[in-house]
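predicted structure and sequence below. I'll ask about it afterward.
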Amino acid sequence: KRKNILVPVDFSDCSRQALAYALPFARQFRAGITLLHVVHVHYYATSSDYATYDYPELLEETRRAGAKQLGDLARSGRKVHPVKTVIETGHPGSLIVDTAKRLGIELIIVSTHGWTGVKRALLGSTAEHVVRYAPCPVLTVPGRTPLAQSGQAPPFKLRKILVPLDFSKVSEGALPYAAFLAVRFGAELTLLHVVQKFPLAYLGGELMNQTIVPFMKQAETDLKRLAGSLGKSTGVNISTITRDGTPFEEICHAAKTLDVDLIVLTTHGYTGLKHVVIGSTAERVVRYADCPVLVVRDMARRRPPQGKG
């Protein structure tokens, strides 16, 4: 069965950037690409005293315009890779998730804003819904970079991958995905553990030595052991980092200072959540990271992608 990647687009520069990321992934994994556009017209937008639009007519007109733009975008993509299209009408977040389930999609690549028009470093409501409820891994592409805002597609690169771990089985579920991508793209991995400070530890001094330092030393030992085992089985170059502080802040800071191309993490781990709702650490990383973030499901329920070389 041919693998398939779903790319939701609203024709903003941000969503076009998601397609730019999808093409190299699709070529590497011999996967098809499905572009999805969801026509969504707010009813209240037609009820203003300044507008005399008929809602069904406006909806159909918007759908026709969307279908044309979707076709044009697909034709540009087909110059380098096979692309299919789907157009739906309704709530974008729900229909993206439903379409992924219906088509058996194995990866969704979505911009962190575009649908909502959000200009700040906050996750747009549509992308947030997709990350929370998608039946498959979701790659979020930040749309706030200068290149994205200028409408230019960034040069694709995948040289450095960061994997935050808290040593739970759930967080370690990100490792097979990260290692798989590292092997396929020739990237190196960095394993990161953040020791979260107890409130009193911020006072420093002897109290910090008694609380943080032992955890840091144990984490360094455990990370190196894990890196050695994974490196031996995959042949991937793996380094380790241990930091203390607030997990999402340290993850984003590490990604920026190390010039990381991708963060791979699970939907829960640090928070201990047992449901498919995204954990607070992962949610904040997706919101504030300057690089793409691959959010994967609990490995107890899903297997990593399998591909042929």
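Looks like it came in fine. Residues are numbered from 1 along each chain as shown.

give the full set of residues in contact with the closest residue to residue 296 other than its chain neighbours.
Spatial nearest neighbour of residue 296, excluding adjacent residues (C-beta to C-beta, 6 or more residues apart in numbering): residue 137 at 4.5 Å. C-beta coordinates here come from the backbone N, C-alpha and C atoms, glycine included. Neighbouring residues of residue 137 by C-beta atoms under 8 Å, 6 or more residues apart in numbering: 106-108, 177, 294-297, 302.

top of the residues you listed by neighbour count?
residue 108 (28 neighbours; other C-beta atoms under 10 Å).

assumed that residue was part of a strand.
Yes. Checked against DSSP: H, G, I helix; E, B strand; the rest coil, residue 108 lies within a strand.

residue contacts, it?
5-8, 96, 100, 130, 134, 136-139.

how does it look with 7 Å?
By C-beta atoms under 7 Å, 6 or more residues apart in numbering, the contact set of residue 108 is 6, 96, 100, 130, 134, 136, 138.

swap in residue 25?
Going by C-beta under 7 Å, 6+ apart, the list of residues near residue 25 reads residue 5.

which element, helix or strand, includes it?
When elements are assigned from DSSP states H and E, residue 25 belongs to helix 13-29.

name the helix or strand of this structure that has the lowest mean pLDDT.
helix 146-149 (a mean of 47; mean pLDDT, DSSP states H and E).

what's in contact with the helix or strand just after it?
As assigned by DSSP H and E, the chain's next helix or strand after helix 146-149 is strand 160-164. With C-beta under 7 Å, 6+ apart as the test, strand 160-164 has contacts from 174-175, 178, 181-182, 187-192, 194, 251, 254-255, 258-265.

which ChimeraX command selects the buried ones in the residues you listed?
Buried residues among the contacts of strand 160-164 (16 or more other C-beta atoms under 10 Å), as a ChimeraX selection:
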select :174,175,178,181,182,187,189,190,191,192,194,251,254,255,260,261,262,263,264,265
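
in strands, which of the contacts of strand 160-164 fall?
Counting by DSSP state E, the part of the contacts of strand 160-164 found in strands is 188-192, 194, 262-265.

need phi/psi at the residue nearest to residue 296.
With angles defined as degrees, to the nearest 10, residue 137 sits at phi -60, psi 150.

tell me how far the helix ranked longest in the chain lies from the chain's centre.
Criterion DSSP state H: the longest helix present in the chain is helix 205-234. Chain-centre distance of helix 205-234: 27 Å, with C-alpha atoms, centre = their mean, to the nearest Å.

any buried residues in that helix, and which?
208, 211-212, 215, 219, 222-223, 226-227, 230, 234.

for it, packing partners?
Judged by 3 or more C-beta pairs under 7 Å, 6 or more residues apart in numbering; DSSP states H and E, the packing partners of helix 205-234 are helix 174-185, strand 188-195, strand 238-244.
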